[in-house]
Structure formats: C-alpha cells, structure tokens
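Participant: structure for the following, please:
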Amino acid sequence: MIENAEQLKQFFIKSDHPNCDGVYVSTAVRKQWMLNHTTVTIKGTVRTIKFINKGGGVWQANLSVA
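Facilitator: Sure thing, here's the model as predicted:
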C-alpha cells in the first residue's frame with residue numbers, strides 16, 4: 001500500500017512497465033504529490049503523474065510525459 005508521495009515516486013521508478021495502468025492511491029497521497037509539484041525521471045524522460053478520480057477518496061495515478 002502506498003502511504004506517501006515518496007513511495008508513489010519509487011513505485012513508478014522501480015516499475016518494469018512505466019506505461020502500466022497505474023496504481024490506486026488515497027486523497028492524502030495525491031494531495032502530498034500535488035503540493036510538492038513532484039516529477040519523476042525514468043530512463044531519461046521527465047514524467048509527471050496524472051490522477052483520475054475513482055470516487056470515495058480513491059485516485060488512480062498514471063504516468064504521463066511532462
């Protein structure tokens with residue numbers, strides 16, 4: 001379970017498939033990410049995370065090109 005923005009970043013860095021369907025996170029994790037304006041660099045490409053609201057305080061986090 002991803003509990004903070006740093007764990008979310010590490011999830012995507014360590015992921016074998018950076019274009020995967022994403023991971024579900026809480027509103028608290030999304031808020032941390034959005035407040036820090038964090039980006040992720042994977043294999044030389046700067047990426048950001050897009051969030052899709054799934055309802056009930058759950059968000060789907062997906063990588064996108066910054």
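Participant: helix or strand next in line after the longest strand along the chain, which one?
Facilitator: Secondary structure assigned by DSSP state E gives strand 45-55 as the longest strand of the chain. Remark: after strand 45-55, the chain's next helix or strand is strand 58-65, criterion DSSP states H and E.
Participant: tally of neighbours for residue 7?
Facilitator: The number of residues packed near residue 7 is 14, by other CB atoms under 10 Å. Yep, even glycine has a C-beta here, placed from its N, CA and C like the rest.
Participant: the one 5 residues further on too?
Facilitator: Neighbour count of residue 12, defined by other CB under 10 Å: 19.
Participant: now do residue 9
Facilitator: Neighbourhood size, residue 9 [other CB under 10 Å]: 18.
Participant: residue 10 too?
Facilitator: Residue 10 has 13 neighbours, counted by other CB under 10 Å.
Participant: that one belongs to a helix?
Facilitator: Yes - Residue 10: assigned to a helix according to DSSP: H, G, I helix; E, B strand; the rest coil.
Participant: for the longest strand of the chain, packing partners?
Facilitator: helix 5-14, helix 27-36, strand 40-42, strand 58-65 (3 or more CB pairs under 8 Å, 6 or more residues apart in numbering; DSSP states H and E).
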